[in-house]
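Undergrad: Sequence and predicted structure are below.
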Amino acid sequence: MIEDLGQLRESIDALDNKILKALAQRMKLSERVVNAKNGVAAFRPGREAALVRQLVAKVKADGLDLAPEVVLCVWRQIMAASLGRQDGELACGVHHDVMPVAAWHMGGSFSAFVDNDIARLIEALAAGQCRYALVPARDDNNRDLLACLDQHHHLKIIARTPLYRMRTVQPAFIIADYLPDSSGDDISLYAVRSQHGFDLVCVAGHHELVTPSSVPDGARLVGAYAR
């Protein structure tokens, strides 16, 4: 039994070495992507969501014993490491309530200033003090967030993380100064003025493909995310 256990550990060590070499090769390819993008934003949540879904579908098709959450967690860290190599230090403004998911999503190159006030986080993002802001994706925060975004129309919600429900982290919206690419299965977000301020309206589909009749009158596009 001891001999068998030793052989199993040797097999695991050999497999780990292969994984390390594959990761190193992937990072080199990511560096080539930087040059090919010519200044386009490195963080592409639509592309990342599509990749994770593709991997999960591959797991299912091949009958592999891997839960979607496991695939998401492993590739989230790979993508975060790649993002860090492309973008350098990722400065983020983070609401205290979503600090765990911010650290999980952004990885080792992540640096944050934490604040409990959504308005201050959005103002810091608008002023260029950080590249992204992460705030709780909760109904009770929507009106405050939409009021802030109404003051800075160039800022948009570009992702909702995590992609799959995880019991250990509270979901967050990620906000930046651009709109996300289509992931193939998206929700577009619109702000509609009401007597209480603004309401958030969710419309199925990427904003470039949404039919005008699906959007409420007077609504303003405030973002999109992969669902």
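TA: Here it is on my side, so go on. Just so you know, these numbers come straight off a predicted model, no measurement behind them.
Undergrad: in the chain, which spans are strands?
TA: Along the chain, the stretches classed as strands by DSSP state E are 90-95, 110-115, 132-136, 156-161, 172-176, 186-194, 197-204, 220-226.
Undergrad: Adjacent strands (with direction) for the fifth one?
TA: Spelled out, that is strand 172-176. In the sheet containing strand 172-176, the strands it pairs with under DSSP bridges are strand 132-136 (antiparallel), strand 156-161 (antiparallel).
Undergrad: Only alpha carbons, please: show the shortest one as CSV.
TA: Read it as strand 132-136. Coordinates of each C-alpha in strand 132-136 appear next as CSV, following Å, rounded to 0.1, in the frame of the first residue of the first chain:
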residue,chain,number,x,y,z
TYR,A,132,-12.7,49.5,-11.6
ALA,A,133,-15.2,49.8,-8.9
LEU,A,134,-17.0,46.8,-7.2
VAL,A,135,-20.2,47.3,-5.4
PRO,A,136,-22.9,44.9,-4.0
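Undergrad: how far does that strand sit from the chain's center?
TA: Offset of strand 132-136 from its chain centre (Cα atoms, centre = their mean, to the nearest Å): 10 Å.
Undergrad: so where's the chain shaky on pLDDT?
TA: In the predicted model, the chain carries pLDDT under 70 at residues 1-3, 34, 37-41, 87-89.
Undergrad: 90 instead?
TA: Within the chain, the segments meeting pLDDT under 90 span 1-9, 26-43, 80-90, 107-111, 139-141, 165-169, 194-196.
Undergrad: Please go through it and pick out the longest helix.
TA: When secondary structure is assigned using DSSP state H, the longest helix within the chain turns out to be helix 2-37.
Undergrad: Show me what that one is packed up against.
TA: Other elements packing on helix 2-37 under the criterion 3 or more Cβ pairs under 8 Å, 6 or more residues apart in numbering; DSSP states H and E are helix 68-87. All C-beta atoms are positioned from the backbone trio N, CA, C, and that covers glycine.
Undergrad: before we move on, back to that, could you work out which of the strands of the chain reaches nearest to residue 55?
TA: Go through the strands of the chain one by one with Cβ to Cβ and the one that ends up closest to residue 55 is strand 220-226, at 13.9 Å.
Undergrad: In that closest one, which residues are buried?
TA: Counting neighbours by 16 or more other Cβ atoms under 10 Å, one finds that the buried residues in strand 220-226 are 221, 222, 223, 224, 225, 226.
Undergrad: With stretch 132-147 instead?
TA: Taking 16+ other Cβ under 10 Å as the neighbour-count basis, stretch 132-147 is seen to contain the buried residues 132, 133, 134, 135, 136, 137, 141, 142, 143, 144, 145, 146.
Undergrad: just the residues you listed now: which is nearest residue 103?
TA: For the buried residues of stretch 132-147, the residue nearest residue 103 by Cβ to Cβ is residue 134; the value is 9.9 Å.
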